[in-house]
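Trainee: 3D model of this:
(chains A and B)
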Amino acid sequence: MRKRLYQWFRSWAASRSPLAAHIELQHKTIYVFPGLQGLSFLVLIALIWLLGTNYQNNNILGFCFLLISIFVISIVYAFKNLLGLQFSAGAVQHSTLGELAVFDVVIRSRFSRAHYGLYIDCEGAPTQIVDLPDGQSVIVRLHLPSTHRGWQRLPCITLRSYFPFGVIRAWSYLSLDHKALIFPRPIENLWLSSHHEGSDEQGRLLVQKGDEFSGFSSYQQGQPLTQVAWKHYARGAGLLVKDYRQQSTESVWIKWDDFQHLGTELALSHMAYWVDNFYQRQQQFGVVLPRQTIACGEGEVHRIEVLTALALFGWQAP
Amino acid sequence: MIFSTAKKSQDANTIHSQVTLSLLSYLVLAQALVIVPHLFQLPLWLLPIWLGVVCWRWQIARGVWPHPTGIQKAFLVIACSAGLYFSFGAKPSFDAMMSLLILGFSLKLCELRSRKELLLLLYLALFILACFFIVQNSLSAVLYALIPFVFLFNLFMQLQKANVTRAFVWKDIRGIFFTVLQAIPLLLALFIVMPRLGSFWAVPSLQQAKTGLSDFLSPGDISELIESDALAFRVTFSGEIPAQQNLYWRSMALSFFDGRAWRQPSQHRTPLIFSTEKLVDSTVGPETAYEVIFEPTGQNWLVMLMVPNSWSDSLRIDSRFSVTSLDPINERLAYKLSSRIQARVTPLSENERAENLQLPAKGNPYTREEVARWLQIVDGPQAFIDKALGNFRESFYYTLQPKQLTSDAIDSFLRDTKQGYCEHFASSFVFMARAAGIPARVVTGYQGGEVHREAGYISVRQRHAHAWAEVWLENKGWTLVDPTAAVAPERILKSPEASLPTTDQARIQKPFYARIGIWAAATQYWDDVNYQWVRWVMNFDTENQDALLSKWFGDVSLIRLAGFILGAGALTLIMVYLFSFVGAKQKISKERFVLNLLTKKLNPFGLTPQIAESPMAFLSRVKVSFPDSVPELNGVSELYEKTFYAGQHQYLPMLIRQIKGLKLRKTKK
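Mentor: Below is the predicted model:
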């Protein structure tokens, strides 16, 4: 019953605060009610009233009534603490599936007055408390578990504050139109690159084990046995030799066609792995996707461009 | 603009777990403000315990000492309980309760770790602050309590902030002060309307030694009182304030003399009188109505003017016209009376005649002989009294430092020293009258009072304490005779000090500043304010409440009262809301206003100013998105530059108009 009532309240509240990229808290979206500390404060008031009544002391009764009046007045102040707060989506951040998704929320005030003790609750993220000093702005960075590749929406934020005296809880629900970009989770894999430019006919398996070596090649008679990758031999990959050749400056194409057979998600994860791999080795690489080709390049910006393309490949909102 | 990024916070409940030195020093100050006024009447050892705990907590905050262990805490609690037991015994009393509360309040500081515990500490502080009013209920106490009150609420406020850097923020202190002011209308409404219920259970009352008259009179009693400037009671007259020489505040009649002290006879109970009609002669003067607000004494006796005609139910007046209350007066007591100052009580029963002629069988032979000699000269009681008073007037003088009397005190006074103050004169006069066969008794009380003519009341202090005599005369009944007035008429007409030699005046403790004119005027004014406070606030009881409410509402019904309170609450909320809103609107800067306007205009197009982005930078970003609207946008930025960068504020209305009228054309890409 209580749960249903709460759900009804939430859906009613949600209907009053529609999704928007910029939210300013107004009268109809701020709710106030005594908090837990408020209830204990009322108990204190009752005790002082008992004291005053028993001793028939008008000063104590007056003191008790002063506490009641302040309790009532702090309703306005609690409300005012949230009124005029403006929330907007910060710059879109990206992260990799499996890591925490990052959402920046910009808070500022319509008025040049301070707002204190703003608790920001978002399901999955630890509660944050911020103060908004006079006429200043604050960026709150929320870290949430990433759930899927592509765009991830910021869930509804519950904003609450107990300012000024902790007795009244003022709160609001914020449906901020905000999203984070989640790159596919890279999965370590072996990739027989038949299209590696300048490779020999047998091709080469490129496996990452660290920056210092570039890959493996088939075992040739006379090579030292210490360089043989026995692990791969045991897995049945054949006799391979760790290749310590100079880093290649040639560009590589990561092609959808090479991974297509794994299924979309797995293929993207495998490709993402190689993007990071080449990026770390500072090797030029390009990506060929069914309806998109990204020319060879290197560096952070290129990596983000490629990973964004992978993240949004065939993406549909879940 | 300055920007700060929110720190990733820990668990919400342990945020303030670290009590910083700044916060701690503030807390200790607040604690001192709450505790210290109580310490004056509680055992002295509470102070070192509190100071010890403060030192300990300070060392904890500095990281030098660890938090107390369970055993240490248990030891402290046991030691303090033992201390309480030795100081108060097992019987619960108010002081014991207060000591316990204050000990708990002190010790709690030591184990203060989290925010919840700090909250408990604050609640305790508020409760102890409320208890302060049981001990002290003057207006000054109320004003004093406002200081710790604001301090404590500031702490409540700081606790709600994410970052408590300093505990003492002047702006917040001021804000809380305003909040208290805003609370006053609702406070008054509640104060007036909320019903006063009687005590639910018996509460331990205060046991304080107070100055005041005692129920017997022995040499030296009154001179101690005369040195005290403490307030005894205050009186408001409904009509004219009677002349000073008529203000004999009668407390009790002492008719038993044991040779040294005068007492109330304890052999048999004196019947209470319920009506004075039969006792008073019919040719009486006008009736004087007055209200007395009596300061606590811890004893039962009260004061009144003779002869009482009607009085509050809380008073007991016996056939000797001694006036008492049912219970010891531990809190200020207000009562109403009306008296006929010119009336005389006429009848005298045989028992009463015997009681008022009683003298010890032996002692004071000189006085007895002297009286016998006089009786041969004078004719009738009235002449005897005149002779005795004349004798005083001729060769006696008034001082607060009389010479030591020998064992036959009255003989020694009349024959040898011939100096003394009211009690000597009253005592020896009554002795002589009785020896002459005139029924007489000693009466104690107060004489005169400071008249506050503008405020319409008089205040009577301990130094107005007085003793006089009453004699019973045929045809006249009980008649007041003040032998002191014969010696020092100024004592009665002016003030107790006026009649004293200068050496004695120095003995009456009055600080040097009391002699400065402005100070005296200020004290007088403060007295008036305090009096009104006591009269209207402290003594606002069910009776006043009913009178006031029926005056306001006519028919007092629960619904009307509830409506009144709700209305007052709603009115307060609306006022506070409007007040804060107006204040906030004024504070908004012009730049922020323009930025808000721009944000509102451009929000539907998905453009919001980024953090650290000035309106100019924002506008140039907008220009990129809306190349077709560049001319208009250029106009806006030009005006903005003129207004804010060149300081030509006359362009502001134009700028606002331009922004409001801005029409953006979405270009097709």
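Trainee: and the residue in chain A sticking out farthest from the centre, what are its phi and psi?
Mentor: Relative to the centre of chain A, the most outlying C-alpha is that of A:Gln56, 59.8 Å out, by Cα atoms, centre = their mean. Main-chain torsions, A:Gln56, degrees, to the nearest 10: phi 50, psi 50.
Trainee: how about A:His27?
Mentor: The phi/psi pair for A:His27 (degrees, to the nearest 10) is phi -50, psi -40.
Trainee: can you pull the contacts of it?
Mentor: By Cβ atoms under 8 Å, 6 or more residues apart in numbering or on different chains, A:His27 lies in contact with A:Leu83. (Glycine included, C-beta is placed from N, CA and C.)
Trainee: next, the closest residue to the residue farthest from the centre of chain A other than its chain neighbours: secondary structure please.
Mentor: Spatial nearest neighbour of A:Gln56, chain neighbours left out: B:Ser199 (6.4 Å); criterion: Cβ to Cβ, 6 or more residues apart in numbering or on different chains. Of the three states, B:Ser199 takes coil under DSSP: H, G, I helix; E, B strand; the rest coil.
Trainee: which residues does B:Ser199 contact?
Mentor: A:53-56.
Trainee: list phi and psi for it.
Mentor: phi -60, psi 140.
Trainee: pLDDT wise, what is residue 141 at?
Mentor: All of this is about chain A. At A:Arg141 the predicted local confidence, pLDDT, stands at 91.
Trainee: switch to chain B, please.
Mentor: B:Ala141 is given a pLDDT of 89.
Trainee: just the one 4 residues further on next, same as before
Mentor: Among the per-residue scores, B:Ala145 holds a pLDDT of 94.
Trainee: what does A:Lys209 give?
Mentor: In this model, A:Lys209 is scored at 38, pLDDT.
Trainee: also the one 10 residues further on?
Mentor: Among the per-residue scores, A:Tyr219 holds a pLDDT of 67.
Trainee: the residue farthest from the centre of chain A reaches B:Phe200, doesn't it?
Mentor: No. Counting by Cβ atoms under 8 Å, A:Gln56 does not reach B:Phe200; the two are 10.8 Å apart.
Trainee: most neighbours among the contacts of B:Ser199, which one?
Mentor: Among these, the one with the most neighbours (other Cβ atoms under 10 Å in any protein chain shown) is A:Tyr55, at 23 neighbours.
Trainee: B:Pro296 is in contact with B:Ile329, isn't it?
Mentor: Yes. B:Pro296 is in contact with B:Ile329 according to Cβ under 8 Å; the separation is 5.2 Å.
Trainee: how many neighbours does the residue nearest to B:Trp311 when sequence neighbours are not counted have?
Mentor: Take B:Trp311 and drop its neighbours on the chain: the residue closest to it by Cβ to Cβ, 6+ apart is B:Leu337, 4.6 Å away. For B:Leu337, the neighbour count with other Cβ under 10 Å is 22.
Trainee: same deal with B:Leu548?
Mentor: 14.
Trainee: kindly report the same for the one 10 residues further on.
Mentor: As a burial measure, B:Leu558 scores 8 neighbours (other Cβ under 10 Å).
Trainee: also the one 3 residues further on?
Mentor: Other residues near B:Leu561 come to 17 when the count uses other Cβ under 10 Å.
Trainee: can you check B:Pro365 too?
Mentor: 10.
Trainee: gap between it and chain A?
Mentor: Computed with Cβ to the nearest Cβ, to the nearest Å, the distance linking B:Pro365 and chain A is 55 Å.
Trainee: so where is chain B shaky, pLDDT-wise?
Mentor: Along chain B, the model assigns pLDDT under 70 to residues B:1-19, B:203-212, B:219-221, B:223-224, B:266-269, B:281-283, B:492-516, B:581-589, B:610-612, B:666-669.
Trainee: can you tell me which helix in it is longest?
Mentor: Longest helix in chain B, counting residues (DSSP state H): helix B:558-587.
Trainee: what's that one packed up against?
Mentor: Packing partners of helix B:558-587 (3 or more Cβ pairs under 8 Å, 6 or more residues apart in numbering or on different chains; DSSP states H and E): helix A:58-82, helix B:170-193, helix B:542-553.
Trainee: if we go to 6 Å?
Mentor: helix A:58-82, helix B:170-193 (3 or more Cβ pairs under 6 Å, 6 or more residues apart in numbering or on different chains; DSSP states H and E).
Trainee: just put those in CSV and tack on mean neighbour count and distance to B:Leu33.
Mentor: Below are these laid out as CSV (neighbours: other Cβ atoms under 10 Å in any protein chain shown; distance: least, Cβ to Cβ, whole Å):
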stretch, mean neighbour count, distance to B:Leu33
helix A:58-82, 23, 15
helix B:170-193, 17, 13
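Trainee: need those helices in a markdown table with distance to B:Cys422, can you?
Mentor: As requested, these are exported to a markdown table (distance: least, Cβ to Cβ, whole Å):
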| stretch | distance to B:Cys422 |
| --- | --- |
| helix A:58-82 | 37 |
| helix B:170-193 | 43 |
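Trainee: out of those, flag the one nearest B:Ser428.
Mentor: helix A:58-82 (46.3 Å; Cβ to Cβ).
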